[in-house]
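*Asks:* Below are the sequence and a predicted model for it; my questions follow.
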Protein chains: 2
Amino acid sequence: MDPLSIGDVAERTGVAPSALRFYEDQGLIHVDHRTDAGHRRYRRATIRRVSFIRVAQQLGLSLEEIRDSLSSLPDNRTPDEADWTRLSEAWRPRLDEQIAMLERLRDRLDGCIGCGCLSLKHCKLLNPHDEAAARGPGPRYVLDDV
Amino acid sequence: MDPLSIGDVAERTGVAPSALRFYEDQGLIHVDHRTDAGHRRYRRATIRRVSFIRVAQQLGLSLEEIRDSLSSLPDNRTPDEADWTRLSEAWRPRLDEQIAMLERLRDRLDGCIGCGCLSLKHCKLLNPHDEAAARGPGPRYVLDDV
DNA sequence: TTAGAATATCAAGTTCACTTGAGGTCAAGA
DNA sequence: TCTTGACCTCAAGTGAACTTGATATTCTAA
């Protein structure tokens, strides 16, 4: 049962067969071999790989970035602890940054609502001009650290 | 200086004029009036509105969802505390959910690296089958609550 | 006054991440 | 045997979110 068909992988990961073929085109996953009839056969580790891709997408990474990230993982053997550590360390800053951004937004929304300042001139969430303007355009106070 | 040109709004928000015209087509923002020459003139509140759109996008909302969200804001007057409270309450669950998901992912990555289980069969982050399989496909342990 | 920057419209093009469609092969069950 | 379903390839289509290009007008500063 080890060699998995594209349908197996699709079912296990929730990713459509067409998407799996697309990922293969993009160099994100690879088949172990083909049957005589030309059908794809994947190794079990591919399920992990595909799950990984979906999680990375949730993080906001593009497929290209994910491919780069995955390139540090071996495709011919089961990734070991060192492999995952490398990946984890690469992700950590991004993860921390995203969490911090969302928390900042949440706290600011709460704070602003609490003090009612959103209707005033001083709200730093939705009045990115003033002091913030010097640091470039956009909603700085949310997207950046203050 | 109150009536702002499209260039002013672009500069203040970091959003290209073409994108602002596009947002107008999509019903996300509106002009206050046009000059005799047909040039767009925006009210100051439009900067907040556009900043809001960008922040919402960072949250993962589509322009359509954002339009719905913004429809609760008045376009003809400066939004007041009640307006923002309504919006904040609508966002809060989504915000909390996203933060929780990212924290879950971070903690799991840390935990898995710490115990080295990512190379074993028991890692719940990258082995979404087994028990998790019953709850549908995909990397459940990260995307859902456990 | 005159060059250049900014604005306008409208259609078409771009990128990303896939999906759909057309046309065909192959294995298993009624 | 037949038909259903899973698989194959390759090209084209999709939707979201804009951008670019063509062409024209208008504002601004030397």
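*Replies:* Sure thing, it's come through.
*Asks:* where's the nearest residue to A:Leu102 once chain neighbours are set aside, which helix or strand?
*Replies:* In space, and not counting its chain neighbours, A:Leu102 is closest to B:Ile99: 4.8 Å by Cβ to Cβ, 6 or more residues apart in numbering or on different chains. Any C-beta I mention is one placed from the backbone N, CA and C, and that applies to glycine too. Taking DSSP states H and E as the criterion, B:Ile99 maps to helix B:81-115.
*Asks:* so for that helix, what's the average pLDDT?
*Replies:* Averaged across helix B:81-115, the pLDDT comes to 73.
*Asks:* do the same with stretch A:21-36
*Replies:* Stretch A:21-36 comes out with an average pLDDT of 96.
*Asks:* Endpoints of that stretch, how far apart?
*Replies:* End-to-end distance for stretch A:21-36, by Cα to Cα, to the nearest Å: 18 Å.
*Asks:* How about it and chain B, any contact?
*Replies:* No - Stretch A:21-36 does not reach chain B (Cβ under 8 Å from any Cβ of the partner chain); its nearest approach is 14.2 Å.
*Asks:* Identify each buried residue in that stretch, please.
*Replies:* A:23, A:28-29, A:31-32 (16 or more other Cβ atoms under 10 Å in any protein chain shown).
*Asks:* Show me the strands in chain A, by range?
*Replies:* A:33-34, A:40-41 (DSSP state E).
*Asks:* Sheet-wise, list the partners of the first one with their directions.
*Replies:* So the one you mean is strand A:33-34. strand A:40-41 (antiparallel) (DSSP bridges).
*Asks:* and stretch A:68-76, what's its mean pLDDT?
*Replies:* The model assigns stretch A:68-76 a mean pLDDT of 79.
*Asks:* Can you give the contact residues for that stretch?
*Replies:* A:28, A:30, A:49, A:52-53, A:56, A:61, A:79, A:83, A:86-87, A:90-91 (Cβ atoms under 8 Å, 6 or more residues apart in numbering or on different chains).
*Asks:* anything in it near DNA strand C?
*Replies:* No - figure legend: stretch A:68-76 not in contact with DNA strand C (Cβ under 7 Å from any atom of the strand); closest approach 11.9 Å.
*Asks:* Compute the number of surrounding residues for A:Ala90.
*Replies:* 12 (other Cβ atoms under 10 Å in any protein chain shown).
*Asks:* which residues does it contact?
*Replies:* So A:Ala90 contacts A:69, A:72 (Cβ under 8 Å, 6+ apart).
*Asks:* any idea how far it lies from A:Ala56?
*Replies:* Per Cβ to Cβ, to the nearest Å, A:Ala90 is found 11 Å from A:Ala56.
*Asks:* on that earlier part again, now distance to B:Arg44 too, for the strands of chain A, in a markdown table please.
*Replies:* As requested, the strands of chain A are exported to a markdown table (distance: least, Cβ to Cβ, whole Å):
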| stretch | distance to B:Arg44 |
| --- | --- |
| strand A:33-34 | 63 |
| strand A:40-41 | 58 |
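*Asks:* can you tell me which of those comes nearest to A:Ser5?
*Replies:* A:Ser5 lies closest, by Cβ to Cβ, to one member of those: strand A:40-41, at 6.8 Å.
*Asks:* That closest one and DNA strand D, are they touching?
*Replies:* Yes - for a cut-off given as Cβ under 7 Å from any atom of the strand, strand A:40-41 has contacts with DNA strand D, namely A:Arg40.
*Asks:* ok, residues contacting that strand?
*Replies:* A:3-6, A:24, A:31-35.
*Asks:* any idea of the mean pLDDT in it?
*Replies:* Across strand A:40-41, pLDDT averages out at 96.
*Asks:* wait, does it contact DNA strand C?
*Replies:* No - using Cβ under 7 Å from any atom of the strand, strand A:40-41 never reaches DNA strand C; the gap is at least 12.2 Å.
*Asks:* Grab the nearest non-local neighbour of A:Ala16.
*Replies:* A:Ala16 sits nearest to A:Ala10 (Cβ to Cβ, 6+ apart), 6.0 Å away.
*Asks:* Nearest residue to the closest residue to DNA strand D within chain A in space, please, no chain neighbours.
*Replies:* Distances between chain A and DNA strand D by Cβ to the nearest atom of the strand are smallest at A:Gly7, namely 2.6 Å. In space, and not counting its chain neighbours, A:Gly7 is closest to A:Pro17: 6.5 Å by Cβ to Cβ, 6+ apart.
*Asks:* mind checking pLDDT for the one you found?
*Replies:* pLDDT, A:Pro17: 97.
*Asks:* how many other residues sit next to it?
*Replies:* The burial count assigned to A:Pro17 is 14, neighbours taken as other Cβ under 10 Å.
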